[in-house]
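Engineer: Pasting a predicted model and its sequence here:
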Amino acid sequence: MSGPISSTVALFGDIICNSYVVGASVWYFFLSSPVMMKSLGREKFVPLMMSLMKVFFTSCCVSLTASLALTYIHTKGNVGGLPFLSQLVGLAGALLNKFVIGPNALAAGKASMGERKGKDGEGSLGKFASEGGFGGKGGTKFWHR
């Protein structure tokens, strides 16, 4: 395939890839998250969403990489044009989320879940206030005594 047909196919593929990213984002953040939070409760919801976050950002990175390649094809290699540069910025944001922000958020979420669960491992917060809780070194301990 060459000429206008391949450019049209590349544009169509680009639109499909970007539509996936928009649709997946809307589904993940605005549709499924509130429903699952309400139906599952916080304790079951958070671990599930933590594992789904990895899949979500990986799939967005794959889709945006394909979209960048397809944009290169349908713009005939115009890397200085707005379509290519905006795809590049979108991919950079997705990669930043996948490799920097996401792992840090997951680590903080795991630490927070561990603190909420308590040192007794039973999921109770009975000793939470007297052992320091979320306030770091003795943060809540001081205020509760």
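Structural biologist: Everything's here; your move. Numbering: from 1, shown residues only.

Engineer: Pop out the phi and psi values for residue 76.
Structural biologist: Residue 76 has phi and psi values of phi 60, psi 40 when expressed as degrees, to the nearest 10.

Engineer: Please look at it and residue 7 and confirm they touch.
Structural biologist: Yes - using CB atoms under 8 Å, residue 76 is in contact with residue 7, at 7.1 Å. For the C-beta atoms, the positions are set from N, CA and C on the backbone; glycine is no exception.

Engineer: neighbour count winner among those two?
Structural biologist: A direct count of neighbours by other CB atoms under 10 Å for residue 76 and residue 7 places residue 7 higher, at 16 against 9.

Engineer: any idea what sits nearest that one, other than its immediate chain neighbours?
Structural biologist: Nearest residue to residue 7, sequence neighbours excluded (CB to CB, 6 or more residues apart in numbering): residue 74, at 4.8 Å.

Engineer: Backbone dihedrals for the one you found, please?
Structural biologist: Backbone geometry at residue 74, expressed as degrees, to the nearest 10, gives phi -80, psi -10.

Engineer: Touching, it and residue 11? I think so.
Structural biologist: Yes - counting by CB under 8 Å, residue 74 does reach residue 11; the two are 4.3 Å apart.

Engineer: These two: who's more crowded?
Structural biologist: Higher neighbour count among residue 74 and residue 11: residue 74, with 20 against 16, using other CB under 10 Å.

Engineer: I'd like the distance between that one and residue 105.
Structural biologist: According to CB to CB, to the nearest Å, residue 74 stands 35 Å off from residue 105.

Engineer: Low-confidence stretches in the chain?
Structural biologist: Where the chain drops to pLDDT under 70, the residues are 1-3, 115-145.

Engineer: and for stretch 80-97, what are the contacting residues?
Structural biologist: Stretch 80-97 is contacted from outside by 14, 21, 57, 60-61, 64-65, 67-68, 71-72, 75, 78-79, using CB atoms under 8 Å, 6 or more residues apart in numbering.
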